[in-house]
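S.K.: What follows is a predicted protein model with its sequence.
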Amino acid sequence: METVAKHSACTQTNHAHHQLDSYDLDEVDMAFDPTLASCCERDEQEYKKAMKVKAVLTANDPTSGAVRMRQQLFTLPPIVTQQPLVLAPQVSQLKQALISDSESDVDDFDESDDDLSMEVMLAARRQELEKQIQNAKQNIAEGYGVALDAELSQLVQELRNEPEVPRVALVVDNSAAKTAQYLRAMRNKMTEIAQRFLGTKFYIVISARDDESLRVLRIGSAPALAAFRRGECVNSLALDLKAILSDLDVLWEARYLPWLIKSNVLTNERQILKGCQNKASRKEIIKKDESEPKDESEHEGFDCGVKNCRLRFGYEHEHVGSSQLVKDEIASWRQTLNK
């Protein structure tokens, strides 16, 4: 019997050791499990982020600050008297009344403060949106931030009139123009790029295959993407319709956009047109002339006294020639001699 008991005890002990060994092996396997490790790392990052957010919110929480201030202001010190049973209810009632009044006042103040700050934020946001809408309307009116439809002759005329403005043109022939899906996709993408670069104008031009303007603009074939600077075509890129319809976003980000940046036609700065600059300079000259005093009495300094002298108010000088008074005196003297 003793042998059987010892054998059963050994068996149980071995089984327990086996369970512990398997448990240790499971822990080791779980410790080196990449999926579990990534989940734990993600949970740890989220926990740290949540703690940071909690710390920021707690530090800048006006309600918590108000509660702490109330506790500092209205917490009464313990009263040591000979009659604690008589004074304790009165003190507790006074304390509760003060705290309730202060809480209601501070809560009202916090709510009005929050409402005021919210109104200020909404008003500022509304003004910002209105300003953005006005800027967008002005940009569209001037031809920026949108893909414009134009004929080839119109594009040539604009390049001659305003060569300072950099331009990007999608030139397609009549056969490609029938593909509505192609034009719609290219228009959306060009509009998106135009809104990022508000100093460049973007065009979609439909032309015939044998149009003479293509040779004038030095565009080999259509469809093509052409970059214009200083009124001339600096580079052109032939397009493949099948590739464009398949991966348009990838082509723009990986090929077309770097090509346009390399061609130096994408900018956010508006170019000052020569015609506008000349008009502005002429207006400044006119205003300057108008602002100059025209009354002769307003001039200070030297004045020779001769009305039509161009150096009248210039440097100091004198007129040597005979005046009309001297001529009259000489004429009268000669008359007396003849008599």
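M.R.: Sure thing, it's come through.
S.K.: Listing request: residues of the stretch 201-339 of the chain with sub-threshold pLDDT.
M.R.: Regions of the stretch 201-339 of the chain meeting the criterion pLDDT under 70 cover residues 209-211, 242-246, 271-302, 305, 314-315, 317-323, 326, 339.
S.K.: What segments of it are strands?
M.R.: Ranges of strands in the stretch 201-339 of the chain, per DSSP state E, counting those that start in this stretch, are 201-207, 224-229, 232-238.
S.K.: Quick one: the ones you listed as JSON lines, columns for distance to L311 too.
M.R.: (Glycine included, C-beta is placed from N, CA and C.) Formatted as JSON lines, those follow (distance: least, Cβ to Cβ, whole Å):
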{"stretch": "strand 201-207", "distance to L311": "52"}
{"stretch": "strand 224-229", "distance to L311": "50"}
{"stretch": "strand 232-238", "distance to L311": "50"}
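S.K.: and of those strands, who's closest to Y47?
M.R.: When those are compared by Cβ to Cβ, strand 201-207 sits nearest Y47, at 48.3 Å.
S.K.: Just the CA atoms of that closest one, as PDB, please.
M.R.: Below are the C-alpha coordinates for strand 201-207, written out as PDB (Å, rounded to 0.1, in the frame of the first residue of the first chain):
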ATOM      1  CA  LYS A 201      -3.000  79.200 -65.700                       C
ATOM      2  CA  PHE A 202      -4.300  75.800 -66.900                       C
ATOM      3  CA  TYR A 203      -6.100  75.300 -70.200                       C
ATOM      4  CA  ILE A 204      -7.900  72.500 -72.100                       C
ATOM      5  CA  VAL A 205      -7.500  73.100 -75.800                       C
ATOM      6  CA  ILE A 206      -9.300  71.200 -78.500                       C
ATOM      7  CA  SER A 207      -7.700  71.500 -82.000                       C
END
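S.K.: Sheet partners, orientation included, of it?
M.R.: strand 147-151 (parallel), strand 167-173 (parallel) (DSSP bridges).
S.K.: Remind me what the next helix or strand after the first one packs against, helices and strands.
M.R.: Per DSSP states H and E, strand 147-151 leads on to helix 152-161 as the next helix or strand towards the C-terminus. Packing partners of helix 152-161 (3 or more Cβ pairs under 8 Å, 6 or more residues apart in numbering; DSSP states H and E): strand 167-173, strand 201-207, helix 212-216.
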